[in-house]
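In: Following is a predicted model, sequence given first.
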Amino acid sequence: MTFCIALLGGSFDPVHHGHVALANLFHTLLHPDQLRIIPAGKPWQKNGLRASADERVAMVELAFRDAGLRVTVDRQEIERTTPTYTIDTLRNVRAEVGPDASLVFVMGADQLQQLDTWRDWRALFGLAHIGVAARPGYSLAAAALPPAVAQEFLLRQGSLDQLRSTPSGHTYLAQTLDVDISATQVRAALQRGEPANSLISPVVLDYIQQHNLYKI
């Protein structure tokens, strides 16, 4: 039986219900041996992060524990002093786990639409499978994707069994996630003093209030 790791990266500034729903969807679909969460250090496509690395890790741990999902937090991007690139992270994970383990990098449809802007994006498939979940407002139809991305995904489409039992190279499009939340939306609600219980876990909200985060 192939050892399978599902990986979810992100800024998690803060972690919200959308992140947890995405991870839970692929946890249910794949039944991975490990669900690994990778908070970004210095994401090259985003401006400065509002919460510190330790605060974001703490919120991730609280959110997933509250959801009943057992996760491993991988701090490699946080500890990296250079900008964060997924290709480097996956190379490190592959070197750690060896050539035979199944790695499934999970993302939302919004990220898929920008995949061709990622560094060495085609090389990602040599390191991992890519699992994508639908998100309201972001189409997974080929016509809505950059042509090169659409072609690559069509050629590589695989079954869940193939993702689970082979190391890398396949894609899987899940149409069943219906959560539309962004960290920007969460921060804006917190700054306005609006209720955020529908957006983030109550234990994360408590942490944010205790540490006076996202006020300005």
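Out: In hand now; what should we look at? Every value quoted in this text rests on a predicted model; they were computed, and no experiment measured them.

In: which residues in the chain form strands?
Out: Secondary structure of the chain (DSSP state E): strands at 4-10, 34-39, 72-73, 102-108, 129-133, 171-174.

In: and the residue lying closest to Ala189 once chain neighbours are set aside, what does it touch?
Out: Of all residues not flanking Ala189 in the chain, Ala196 sits nearest, at 4.9 Å (CB to CB, 6 or more residues apart in numbering). Any C-beta I mention is one placed from the backbone N, CA and C, and that applies to glycine too. Applying CB atoms under 8 Å, 6 or more residues apart in numbering, we find Ala196 in contact with 186, 189-190, 205.

In: before we move on, what about Leu7?
Out: Taking CB under 8 Å, 6+ apart, we find Leu7 in contact with 36, 38, 74, 90, 93, 103-106, 128.

In: what's the spacing between the lowest-mean-pLDDT helix or strand in the chain and its chain's center?
Out: In the chain, no helix or strand scores lower on mean pLDDT, DSSP states H and E than helix 109-112, which sits at a mean of 88. Relative to the chain's own centre, helix 109-112 is displaced by 10 Å; criterion: CA atoms, centre = their mean, to the nearest Å.

In: okay, now Asp120: neighbour count?
Out: Here the count is done by other CB atoms under 10 Å, and Asp120 has 14 residues near it.

In: List phi and psi for it.
Out: Main-chain dihedrals, Asp120, degrees, to the nearest 10: phi 50, psi 50.

In: Restricting to C-alpha, output the least confident helix or strand of the chain in CSV.
Out: Extracted in CSV, the C-alpha atoms of helix 109-112 (Å, rounded to 0.1, in the frame of the first residue of the first chain):
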residue,chain,number,x,y,z
ALA,A,109,-10.2,26.7,-8.3
ASP,A,110,-9.0,30.3,-7.9
GLN,A,111,-5.4,29.1,-7.6
LEU,A,112,-5.8,26.8,-10.6
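
In: so of the strands of the chain, which one's packed in deepest?
Out: Ranked by mean neighbour count, the strands of the chain are led by strand 129-133 with a mean of 26 (mean count of other CB atoms under 10 Å).

In: wait, what's in contact with Val204?
Out: Val204 neighbours (CB under 8 Å, 6+ apart): 14-16, 59, 62-63, 66.

In: And it, how far from Asp88?
Out: Val204 sits 28 Å away from Asp88, taking CB to CB, to the nearest Å as the criterion.

In: what's the answer for Ser165, then?
Out: 26 Å.

In: per-residue confidence for Asp178?
Out: For Asp178, the pLDDT comes out at 70.

In: Give the phi and psi angles for it, as a check.
Out: When read as degrees, to the nearest 10, the backbone of Asp178 gives phi -120, psi 60.

In: was I right about it contacting Pro136?
Out: Yes: counting by CB atoms under 8 Å, Asp178 touches Pro136, with 6.4 Å between them.
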